[in-house]
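A.B. asks: Sequence and computational prediction follow.
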Amino acid sequence: MINFNTAIVRRPAKSVCKGLRAGDGDDPDINGVAAEHDAYVDALQAAGLAVTVLEPLEAFPDSIFVEDPALVFSNFAVLLRPGAPSRRDEPAKLAPALRAHFDQVVELDAGHADGGDILQTPQGVMIGLSARTDKAGAAALQKVLADRDVESAIVETPAGVLHFKSDCALLDEETVLSTLRLAASNLFSKFQTLLTPDGDEGAANALRINDVVFLGEEFPRTIDLVAGAGFNVVPLPTKEIAKIDAGLSCMSLRWLTP
Ligand code: CIR
């Protein structure tokens, strides 16, 4: 859950500037997104991962966010059914790379579910209902997981938040970084919880990889908080991807190849 040796990423297409976003904010700068992606890939490699870098897909502006169309474990992968119409064919585009890595690639067969709504924890997998993940998709995913002895629970994502993991990240086996609005639901009562300071909600989309925690460099107060709790923080630029509602977990699929 925090130990990985393998990852898949996809380079941003020029169309990334038209990526989905909740508001009517500015387009991200293409070169800026590419620079953020390059820094991210370098950081994954520095953390010890073998990274497969897939080619850009111009027809899919959000395809840089490979976390959403699939879910991966050490011994199997699940092709999901993204909730946004413009992202529905992304799983098919990702399938060949997953089949190259996994003997078992399962296809979700009902509803909609985005990987950004799925948090893997030692207490089981949390599947957040959201505007992208519906009850049918969450239930279908629970069946896929139960068939493989993986426990899961269906939980709620706060209203107005894109994905469950927009607002939280697992920092270690017993610690979660969360926004106040998500932690208020008491979902993390079995965890120690570090709360992002007011105004730093975007920092909660962080990523623990082996010995380090990737955090958006635009959030010095959260960096101090997490570093102060004893974690080894690697700040990374996220200003441009944040314009299309993304953060650090979204740009990779990562797992521990046995
Ligand atoms: C989208 O709305 O689908 C993209 N613009 C952002 C996806 C972010 N992914 C994630 O939180 N896992």
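C.D. replies: That came in fine, so what should we check first?
A.B. asks: Quickly find the element holding Tyr40.
C.D. replies: Following DSSP states H and E, one finds Tyr40 within helix 30-46.
A.B. asks: what about stretch 234-249, how long is it end to end?
C.D. replies: Stretch 234-249 has an end-to-end distance of 14 Å (CA to CA, to the nearest Å).
A.B. asks: Give me the contact list for the helix holding Tyr40.
C.D. replies: Outside helix 30-46, the residues that touch it by CB atoms under 8 Å, 6 or more residues apart in numbering are 7, 9, 11-12, 14, 16-17, 51, 53, 64, 209, 212, 214, 234, 236-241, 248, 251-252, 254. All C-beta atoms are positioned from the backbone trio N, CA, C, and that covers glycine.
A.B. asks: just the buried members of these?
C.D. replies: In the contacts of helix 30-46, burial by neighbour count holds for 7, 9, 11-12, 16-17, 51, 64, 209, 212, 214, 234, 236-238, 240-241, 248, 251-252, 254, counting by 16 or more other CB atoms under 10 Å.
A.B. asks: which ones among the residues you listed are found in helices?
C.D. replies: 240-241 (DSSP state H).
A.B. asks: quick one: secondary structure of the closest residue to the ligand within the stretch 101-250 of the chain?
C.D. replies: The stretch 101-250 of the chain approaches the ligand most closely through Gly116 (2.5 Å), counting by CB to the nearest ligand atom. Following DSSP: H, G, I helix; E, B strand; the rest coil, the label given to Gly116 is helix.
A.B. asks: Leaving out the residues flanking it, which one is nearest to it?
C.D. replies: The shortest distance from Gly116 to any non-neighbouring residue, by CB to CB, 6 or more residues apart in numbering, is to His163 (3.2 Å).
A.B. asks: Might one say that the one you found is in contact with Leu129?
C.D. replies: No - counting by CB atoms under 8 Å, His163 stays clear of Leu129, with 10.8 Å between them.
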